[in-house]
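> model the following, please.
(one chain, ligands or ions: 1)
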Amino acid sequence: MSFKNILLEIEDKLAYITINRPKKLNALNKETIAELHEAFAEANSDENIRAIILTGSGDKAFVAGADISEFADFDVSQGSKLAKQGQEILFDFIENLSTPVIAAINGFALGGGLELAMACHFRVASDNAKMGLPEVSLGVIPGYGGTQRLPQLVGKGKAMEMIMTAGMITAEDAKNNGLVNHVVTQEELVSLCEKLATKISYNSGTAISAAIKAVNANFKDGINGFDVEIKQFGKCFGTEDFEEGTTAFLEKRKPKF
Ligand code: COA
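I've put the predicted structure just below:
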């Protein structure tokens, strides 16, 4: 499949998805969101792919937000539809993917860009990265899950401050607040993500996908995460990976997943 606004590259067990609109600081227009959905769906359906690394092209931005030029003249119903469709086809879709997704934040991650990074399973940033949810400076609020996922990651008080001030925080501040897990130089960013992805790839893909479901259940309204954990834990016992993992341990060899 070929795309206009993004790149999808597959190398061995890893997929790399790069948002490729550097002149617009990789802002997310409708077409880019649709292409990202396709690329994530394609990578997720390939059993050989064990992790996906998402980044932005150029050295300035991961994603500088939703494309403001596309929604500046929207009315109430178009605004609601924009948020609903975006959440369904991209943000919730990534969060619930069975393949782990790592965001490599290589520069500005603002508005929809930070929301996109927060929908990924975890985040690594380069030391030049700047993160924020500036929507209230435009007279709107975050609409791609930002009001929900930012408090989950940094706590309610810090999220309120970031959203109300519309300010940007540094990569180091983001790390200190649990928004990103690691900060490295821009040169080291993708290689650290590859190291983490490779470490993930040695483990059971079916168990990892069960773990994603169980962890995500903690953040879903009306769902008992402990019940989901019990169900997913039980299901693992019926998998080839469980047989291989336990047999390999008892035979004192490395498992082949
Ligand atoms: N939507 C649409 N276009 C965007 C964009 C966005 N969210 N963010 C950047 N761009 C475009 C700019 O309009 C500009 O296009 P042009 O060259 O055709 O005029 C280009 O990307 C480069 O951006 P520019 O503002 O010139 O770069 P800068 O280095 O001066 O500033 C930012 C960088 C990130 C501080 C600034 O672009 C910005 O504030 N962007 C909007 C951030 C935002 O509010 N995001 C939330 C949206 S809901």
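> give me the number of residues near residue 105?
Burial of residue 105 is recorded as 31 neighbouring residues (other Cβ atoms under 10 Å). The C-beta positions use only the backbone N, C-alpha and C, and glycine is treated the same way.
> thought it was touching residue 129?
Yes: counting by Cβ atoms under 8 Å, residue 105 does reach residue 129; the two are 4.7 Å apart.
> intersection of neighbour lists for those two?
Shared contacts of residue 105 and residue 129, defined by Cβ atoms under 8 Å, 6 or more residues apart in numbering, comprise 62, 171, 180.
> dump the residues you listed into CSV; add secondary structure as well.
Shown next, in CSV, are the shared contacts of residue 105 and residue 129 (DSSP: H, G, I helix; E, B strand; the rest coil):
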residue, secondary structure
62, strand
171, helix
180, coil
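> name the nearest of the residues you listed relative to the ligand.
Closest approach to the ligand among the shared contacts of residue 105 and residue 129 (Cβ to the nearest ligand atom): residue 62, at 10.5 Å.
> residue 141 - nearest residue in space that isn't next to it in sequence?
Leaving aside its sequence neighbours, residue 141 sits nearest to residue 135 (Cβ to Cβ, 6 or more residues apart in numbering; 5.4 Å).
> pLDDT score for the one you found?
According to the prediction, residue 135 has pLDDT 98.
> got the residue ranges for the strands in this structure?
For the chain, the strands defined by DSSP state E occupy 6-11, 14-19, 51-56, 61-63, 101-105, 108-110, 122-126, 130-132, 168-170, 182-184.
> how about the helices in the stretch 101-250 of the chain?
Applying DSSP state H, counting those that start in this stretch to the stretch 101-250 of the chain gives helices spanning 112-119, 146-154, 156-165, 171-176, 186-201, 205-217, 225-236, 240-250.
> for the fourth one, packing partners?
For helix 171-176, the packing partners by 3 or more Cβ pairs under 8 Å, 6 or more residues apart in numbering; DSSP states H and E come out as strand 122-126, strand 130-132, strand 182-184.
> the second one near the ligand anywhere?
No: under the criterion of Cβ under 6 Å from any ligand atom, the ligand is not reached by strand 130-132; the shortest gap measures 7.9 Å.
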